[in-house]
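Peer 1: okay, sequence plus prediction incoming.
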Amino acid sequence: MRTPDGQEFWNAGEYHEIVPLEKIVSSMYFSDSKGNKIDPAQLGIEHEAIEGAYDTTLFEDLGNGRTKLTFIGNEPMESAKNSGQLEGWNQILDKIAAVIAGLAQAK
């Protein structure tokens, strides 16, 4: 992740459940550039890690080659907004959309 002022942060994660074409359950944590888990305080971030909190991504086939993606985050919406997580996930989803659009154009 890169903040508007250029500061970089790394995340890593684990997949806890994968149901092909239906859902992915995962968790993320702050890490160094090699994926080693670190305490957010090392980055000057006041963030309470929530052990056992998972993000769930659901996929629903809408037909005609379309898929609905539903993301269920691990924190209440207000907390996600205040910590910047909501903005971060929107950036991730925008990048996924761009990759998919590029793949569709390549066909």
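Peer 2: Received it, and whenever you're ready, just let me know what you need. Numbers count the residues shown, from 1 in each chain.

Peer 1: quick one: the strands in the protein?
Peer 2: Per DSSP state E, the chain carries strands over the ranges 10-19, 23-31, 55-63, 66-72.

Peer 1: give me whichever of those strands is most buried.
Peer 2: Stretch with highest mean neighbour count among the strands of the chain: strand 23-31 (a mean of 16; mean count of other C-beta atoms under 10 Å). To be clear about C-beta, it is placed using only N, CA and C from the backbone, and glycine gets the same treatment.

Peer 1: ok now that one, how far from the chain's centre?
Peer 2: Averaged C-alpha coordinates place strand 23-31 at 7 Å from its chain's average position (C-alpha atoms, centre = their mean, to the nearest Å).

Peer 1: ok and it relative to strand 10-19, angle-wise?
Peer 2: Orientation check (axes from the mean of the first three to the mean of the last three C-alpha atoms, to 10 degrees): strand 23-31 against strand 10-19 gives 160 degrees.

Peer 1: over strand 23-31, what's the mean pLDDT, rounded is fine.
Peer 2: For strand 23-31, the mean per-residue pLDDT is 89.

Peer 1: for this structure, longest helix please?
Peer 2: Longest helix of the chain, by residue count under DSSP state H: helix 85-106.

Peer 1: quick one: closest of the strands of the chain to residue 42.
Peer 2: With C-beta to C-beta as the criterion, residue 42 lies closest to strand 23-31 of these, at 7.9 Å.

Peer 1: mind showing which ranges of this structure have poor pLDDT?
Peer 2: Applying pLDDT under 70 to the chain flags the ranges 47-52, 75-84.

Peer 1: give me the residue at the spatial middle of it.
Peer 2: Nearest to the mean C-alpha position of the chain, by C-alpha atoms, centre = their mean, lies residue 89 at 5.2 Å.

Peer 1: might you report the residue contacts of residue 46?
Peer 2: Residue 46 is in contact with residue 40, counting by C-beta atoms under 8 Å, 6 or more residues apart in numbering.
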